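> dropping the sequence and predicted coords here.
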Amino acid sequence: MKGWLFDVYPGDGDQITVCVKTVDGDIKFFNDDYSPAIYVYGGRKDLKTLKAILEEDENAKKLSFERRRVKLGDSNRSKVLKVVCKMDKIFHIVQKIEKSGDYHNYELYNVDIPQAQDYLHENDLFPLEKIKISALPKIKFEPLESAKSVRYDLPPLKIANLSVKAKRLSGEKRFRGPIEKINLSVDGKDISIEGANETERIIKLVKAIRKSDPDIILTEGGDSWDLPYLAKRAKLNEISNRLILGREPRPLRERRSEGTSYFSYGRIYYKPPPHYLKGRIHVDVQNSFIYQKCGLQGLIELSRMTRTPLQKTARSSIGSAMTNLQLYWVQRNGILIPWKKSETENFKSSLKLLEADRGGFIYEPGTGFHKDVGEIDFASFYPTLMKKHNLSPETVLCDCCPESKEKVPDLGYNICEERRGFIPQVLDPVLEKRRKYKKLAAETRTEEGEDTYKKRQKALKWILVTCFGYLGYRNAKFGKIEAHESVTSFARKNLRKGAKIAEEEGFEIIHGIVDSLWVKKPKLNISELNSLCRKIKKETKLPISPEGKYRWIVFPPSKENIRIPVVNRYYGVFETGELRMRGIAARRSDTPKVLAEAQKGVIGKLSEANDRGEFEEKIREALKLVESYANRIRKKTIRAEKLAIGRKLSRDPGSYKKNVKSAIAAEQLEEAGFELHAGQRIRYVVTNADAKNSHHRVRPVQLLKRKKKYDSRWYVEKLLETVEEILLPFNYTKDKIKSEILEKGKQEKLKP
Amino acid sequence: MKKAPWRQLEILDDMTSDSILRDTILERGEITTFDLPHILPIKYFLNPERPELKVQFLWIDGDNSFDPYRIFQITDNYEIETEAILKGIQISRAFTYHQMFSLIVEKMWSAVRESGAKIVIVTGLPSLFAESKLREGEALKHLDAIQEKLEIFRNENKGLLLTAKLCNDPGNVIQSKLETIFDLILDVEKNRVRIQKGGESFDRSTFKINSGKHKTERTKVLEKFDGGTIS
């Protein structure tokens, strides 16, 4: 039978369920025997004793000694004890091993590899792979395509959208309100779910799903609301066993586990517990970074590339996707995966640490208005450096080549000459596939094809973005801080070299950050930028190309001190008319939509200017736009949705020490029955910023009854601040803007 | 708020005026108030007539406490070559509890031998331990192993400085385990010091580490220990 590997997940007993969508469009399930194996490394005598202990335990199905590479950099294989366990008894065995080794005598490997992925790795399969499958006498897979393929066929996928609305507040944690409405649409067609009572509505939904038989169910918040709410309401109506949304006859159960709050790059995030379906794919769009950024095509590409089932990929962070990619490579190359990473940073003098622990190079921007500026960027800078210089955890400061000729600039770390690092090898197919997708997107003649290839290449780009950070991530299975430092060291060297060449060619460096340079030259044209890139490429042997030439670009200063520039904050317009903005309110996720829209509108108006003179004239026109926004805000014609401020909770509600707006809004939501965690995003409107009673200052969007009740004075002030942020280099302070638009004709009051 | 360095130096002067620190010190408080790890290495560079006091330090940093700019800031007040101080500190950062455990239990003593370090600074151990969420049995075994390695400092009269975020729970396992292996416990927040050496223990809540006004009282505390015991 031919088809696509639709999903893989743990089944009953020691079995894995393989779900295949056949070329005829049917869904077939197969159960395959599977028992996970963990590995133990330790003293020879200790391992023998351990083997004897585990032989008495029926949960250890098979014990044997093997020779495996326990560390990435190992040339030799070490003797390890392989323990094949019952699928659901791994942690029972692990605890036993840990206890008998006084919790630090044994090193454990391959303990926490997700079972579905382990199965895919073992069989060298990937999700949505086209395969030929035969079930007798034993399941056998025959690949019909390569993982490297970029022009792969996908099965036709039927997509449904599901949302469930409560009579009381949708989203409140105790799911007290009965179901008011269920919306289901399949392939764009709405399916009516009505019924005299709640039970009937739930049963009708189950029937509608079974009848329409979608492959993928998309929800907006299904992990935190729609699915757990349905499960709870089904339970209250005593029809839990009938709530079957997947293709296997397994009812959806109410999940008791809470989600997790975690930090990434200094920001806190929250993930609700996943609600997977069996035989269908549930994607909670709100809980899927990759779906939000790259759509279904990007999600599928990432799932195939990282060899991780689709439902898991949808909920993975990009860092986890990177881990999954590494796990596959490591397993296929016979290296064991450490459970508790204890490899430490080498001792070094603190002076050396000071030199090493730096990020990318930064040239502070020259604040103000600039013309004749071009931007040039090194392509996939960090991944390319890692590949070019063989930077990997086991190659930087390797034991085998202390006298290597390959050294990290400034730091002097030796780089292995004997072997190619695993990180460059892991990155190879990603870089290669991305290059092919970019080419295909440029060559393809259909809009749909172009969109598909663009989304796929964008998904791969995210892996490349994280591969550097992951080297230094504390929980990365195969990270090494010195390898991380080496990447930035090479990057600084090359950016400095690029800047030097630019200066030699008569350019002025206006700004530089990590992998990009903004260069200025009187009467600059694009061919000069191309020529500069060729020279830098020749010297550095790194791909670099012009991002574009700006008609003009503005680097606003710090609001606190106008003499201080702000790194990576600018706005400008390319000669093509394309706007470019970074670090300003319009780009920040917490800015109310109306203010972002106003700021973009102002920049749009300014983009009509060709030079400084025209720019300053356009400011007056732009201020008229600001005035119209201010009037709309004051007349209260703006919808609450556009005024909402989105903030992530930096801590659990109740543990805030100050009465900040987020804390007040979170408190109100908790009082209304919502469950909130650190990292979760809340949205609120400022209703009376100066109210003595803090509860009156803000109102969460979900609890707003009068949609037009907001503090217009506060919003107008914020509007002025967003405009000031971009016009400060032209002496338009908040007070001046205010006097020009709100107090027309009046002179700006002089400050004492 | 950072305490002004010269104030804390007063007590360090008493302990380290003539020789290299041979005591074990636990500094308890909030992360922002810990200054001893930065002051101690500088302290030995303050006396140009005693170059033998310029010793190597080993710093195991579990909470990113090491701040080179703090050292620059302090040395601004003195004519000291900051680079020499930075070169004299061998550092490794632990980002997870298991790395911290490995550094203390498996790597610390070989690093001490290789670098010739005379004093070891450990920062952030209790917070990483708390973060690790080890099961009770595992936690106790680990603590035993850590305690055994750290006790060597006390038994061999070597210098050890460990910082710990203040914990108000008297039943806190790591806190009570750690307390037993220190000669001097400085409660920075509470302005309290406990000196425990040679089986004796002396606890003075009125002792003001950070105030020069209570110099007499401080002298009394040290006299109680027959001068020189804490040297």
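Thanks, I have it.
> secondary structure element holding whichever residue of the stretch 551-700 of chain A sits closest to chain B?
Chain B sits closest to residue A:657 of the stretch 551-700 of chain A, with a gap of 13.8 Å, by CB to the nearest CB. The C-beta positions use only the backbone N, C-alpha and C, and glycine is treated the same way. For residue A:657, there is no helix or strand it lies in under DSSP states H and E.
> can you count the residues close to it?
For residue A:657, the tally of surrounding residues (other CB atoms under 10 Å in any protein chain shown) stands at 7.
> residue A:29 contacts residue A:279, correct?
Yes. Using CB atoms under 8 Å, residue A:29 is in contact with residue A:279, at 6.9 Å.
> anything in contact with each of these two?
Common contact partners of residue A:29 and residue A:279 (CB atoms under 8 Å, 6 or more residues apart in numbering or on different chains): A:19, A:247-248.
> in strands, which of these fall?
residue A:19 (DSSP state E).
> scan chain B for its longest helix.
Across chain B, the longest stretch assigned as helix under DSSP state H is helix B:136-155.
> please see if that helix touches chain A.
Yes. Contact of helix B:136-155 with chain A (CB under 8 Å from any CB of the partner chain) involves B:137-138, B:141-142, B:145.
> excluding chain neighbours, what is closest to the closest residue to chain A within chain B?
With CB to the nearest CB as the measure, residue B:95 is the residue of chain B nearest to chain A, at 3.4 Å. Among residues not flanking residue B:95 along the chain, residue A:474 sits closest, at 3.4 Å (CB to CB, 6 or more residues apart in numbering or on different chains).
> that neighbour: what's it in contact with?
Contact analysis of residue A:474 by CB under 8 Å, 6+ apart lists B:95-96, B:99.
> doesn't residue A:395 make contact with residue A:480?
No. At 9.4 Å, residue A:480 does not count as touching residue A:395 under the criterion of CB under 8 Å.
> now rank the shared contacts of residue A:29 and residue A:279 by neighbours and give me the top one.
residue A:19 (23 neighbours).
> from chain B, how far out is that residue?
Distance of residue A:19 to chain B, given as CB to the nearest CB, to the nearest Å: 35 Å.
> enumerate every residue touching that residue.
Residues near residue A:19 by CB under 8 Å, 6+ apart: A:5-9, A:27-30, A:247, A:278-279.
> do the same with residue A:416
Per CB under 8 Å, 6+ apart, neighbours of residue A:416: A:390, A:394-396, A:398, A:400-401, A:404, A:406.
> so how far is chain B from it?
The value you get for residue A:416 to chain B, if CB to the nearest CB is used, is 22 Å.
> which phi and psi does that residue have?
Main-chain torsions, residue A:416, degrees, to the nearest 10: phi -60, psi 140.
> where does whatever residue of the stretch 401-550 of chain A ends up closest to chain B fall, secondary structure wise?
Nearest residue of the stretch 401-550 of chain A to chain B (CB to the nearest CB) works out as residue A:474 at 3.4 Å. For residue A:474, there is no host helix or strand (DSSP H and E).
> that older thread, show me which of residue A:29 and residue A:279 is the more surrounded one.
Between residue A:29 and residue A:279, counted using other CB under 10 Å, the more crowded position is residue A:279 (21 against 15).
> touching, the more buried one and residue A:27? I think so.
Yes. Judged on CB under 8 Å, residue A:279 makes contact with residue A:27 at a distance of 6.0 Å.
> burial check on the residue lying closest to residue A:262 once chain neighbours are set aside, number of neighbours?
Of all residues not flanking residue A:262 in the chain, residue A:269 sits nearest, at 5.7 Å (CB to CB, 6+ apart). Residue A:269 sits with 19 neighbouring residues when counted by other CB under 10 Å.
> residue A:269 reaches residue A:679, doesn't it?
Yes. Under the criterion of CB under 8 Å, residue A:269 makes contact with residue A:679 at 4.4 Å.
> what sits in contact with each of the two?
With CB under 8 Å, 6+ apart as the test, residue A:269 and residue A:679 both reach A:261-262, A:648.
> buried subset of the residues you listed, written for ChimeraX?
A single ChimeraX command selects the buried members of these (16 or more other CB atoms under 10 Å in any protein chain shown):
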select /A:261,648
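> out of the shared contacts of residue A:269 and residue A:679, which is nearest to residue B:108?
residue A:262 (29.9 Å; CB to CB).
> one step back: in CSV, list the shared contacts of residue A:269 and residue A:679 along with pLDDT.
Formatted as CSV, those follow (pLDDT from 0 to 100):
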residue, pLDDT
A:261, 72
A:262, 70
A:648, 89
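> narrow the shared contacts of residue A:269 and residue A:679 to those in helices?
If you go by DSSP H, the shared contacts of residue A:269 and residue A:679 have nothing in helices.
> where does residue A:320 sit: helix, strand or coil?
The three-state label given to residue A:320 by DSSP: H, G, I helix; E, B strand; the rest coil is helix.
> give me the number of neighbouring residues for it.
Close neighbours of residue A:320, defined as other CB under 10 Å, add up to 16.
> pLDDT wise, what is it at?
Looking at residue A:320, its pLDDT is 90.
> do the same with residue A:466
pLDDT, residue A:466: 88.
> cool, and residue A:559?
pLDDT at residue A:559 comes out at 84.
> wait, doesn't it sit right on residue A:722?
No. Contact criterion CB under 8 Å: residue A:559 and residue A:722 do not qualify, at 11.0 Å.
> these two - which one has more neighbours?
Neighbour totals were compared for residue A:559 and residue A:722, and residue A:722 leads with 25 against 14 (other CB under 10 Å).
> which helix or which strand is home to the more buried one?
Counting by DSSP H and E, the element that carries residue A:722 is helix A:712-727.
> same for that helix, what does it pack against?
helix A:593-606, helix A:612-634, helix A:734-741 (3 or more CB pairs under 8 Å, 6 or more residues apart in numbering or on different chains; DSSP states H and E).
> okay, residue 123: pLDDT?
Just so you know, I chose chain A. 95.
> wrong one, I was asking about chain B
Confidence for residue B:123, expressed as pLDDT, is 93.
> so what's it closest to, chain neighbours aside?
In space, and not counting its chain neighbours, residue B:123 is closest to residue B:65: 4.1 Å by CB to CB, 6+ apart.
> could you do residue A:603 as well?
Leaving aside its chain neighbours, residue A:603 sits nearest to residue A:571 (5.3 Å; criterion: CB to CB, 6+ apart).
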